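Asks: Sequence first, then the predicted structure:
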Amino acid sequence: MYKLNLPEYNFKIRKSNQKLEIFDRFRKKYVALTPEEWVRQNFIKYLISEKYFPESLIIVEKSLTLNQMQKRADIVVYTNKGTPKLIVECKAPEVKITQKTFDQIARYNMTLQVDYLIVTNGIIHYCCRIDFINKTYSFLKKIPEYNEIMRNTFPSYD
């Protein structure tokens, strides 16, 4: 698979009907190993291993309704109280991250109302913090650790 701008992790990968599959421990099944899925699985592992996000608070392919249409957010992270806090939108490594990508995650956030948005293609990662009070957002220079996101008090890294 693609070399990503993330640490290297080990995964359970198998071949089924001439196609590669990767085991998704959140959905508890093997899924098609597409380039986007490769990014999603690696980014989840990154959040858990490097940024200390608790596995129990991560939902993969979270269903949501937007304008009476069913959509799925790639990764949603919750607080201990069950409030959504962060959305991650994953794209395949060859997909350029554009304004359209940010528009997509912003639409999801109209429903979930999280404080943090991350867009990644595995090579480039963007993280922004939403300020609902002042109706602004700021891009962060690095992805904060889980405890920083929960405290919402870390330096802005701008």
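Replies: Right, received. Where do you want to start?

Asks: and the residue lying closest to residue 131 once chain neighbours are set aside, how many neighbours does it have?
Replies: Nearest non-adjacent residue to residue 131, counting by Cβ to Cβ, 6 or more residues apart in numbering: residue 137, 6.5 Å away. Bear in mind the C-beta positions are built from the backbone N, C-alpha and C, glycine included. By other Cβ atoms under 10 Å, the residues close to residue 137 number 16.

Asks: ditto for residue 50
Replies: Counted with other Cβ under 10 Å, residues neighbouring residue 50 total 12.

Asks: Quick check, central residue of the protein?
Replies: residue 88 (2.4 Å; Cα atoms, centre = their mean).

Asks: Run me through the strand neighbours of the least confident helix or strand in the chain by mean pLDDT, direction for each.
Replies: The weakest-scoring helix or strand in the chain, judged by mean pLDDT, DSSP states H and E, is strand 58-66 (a mean of 83). If you go by DSSP bridges, strand 58-66 pairs up with strand 69-78 (antiparallel).

Asks: before we move on, the earlier item: what does the least confident helix or strand of the chain contact?
Replies: Outside strand 58-66, the residues that touch it by Cβ atoms under 8 Å, 6 or more residues apart in numbering are 24, 26-27, 40, 44, 47-48, 70-78, 107-108, 110-112.

Asks: ok so, going back, for the residue nearest to residue 131, which three-state class applies?
Replies: The three-state label given to residue 137 by DSSP: H, G, I helix; E, B strand; the rest coil is strand.

Asks: for it, what are its contacts?
Replies: Neighbours of residue 137 in contact, by Cβ under 8 Å, 6+ apart: 117, 128-131.

Asks: So which residues of the protein form strands?
Replies: For the chain, applying DSSP state E gives strands covering 13-16, 19-24, 29-32, 58-66, 69-78, 84-90, 116-120, 125-131, 136-140.

Asks: Show me what the first one is packed against.
Replies: Put plainly, it is strand 13-16. Where contact means 3 or more Cβ pairs under 8 Å, 6 or more residues apart in numbering; DSSP states H and E, strand 13-16 is packed against strand 19-24.

Asks: Pull the distance from the strand it packs on to the chain's centre.
Replies: 19 Å (Cα atoms, centre = their mean, to the nearest Å).

Asks: Same check on stretch 54-71?
Replies: That offset, for stretch 54-71, works out to 11 Å (Cα atoms, centre = their mean).

Asks: All set now, cheers.
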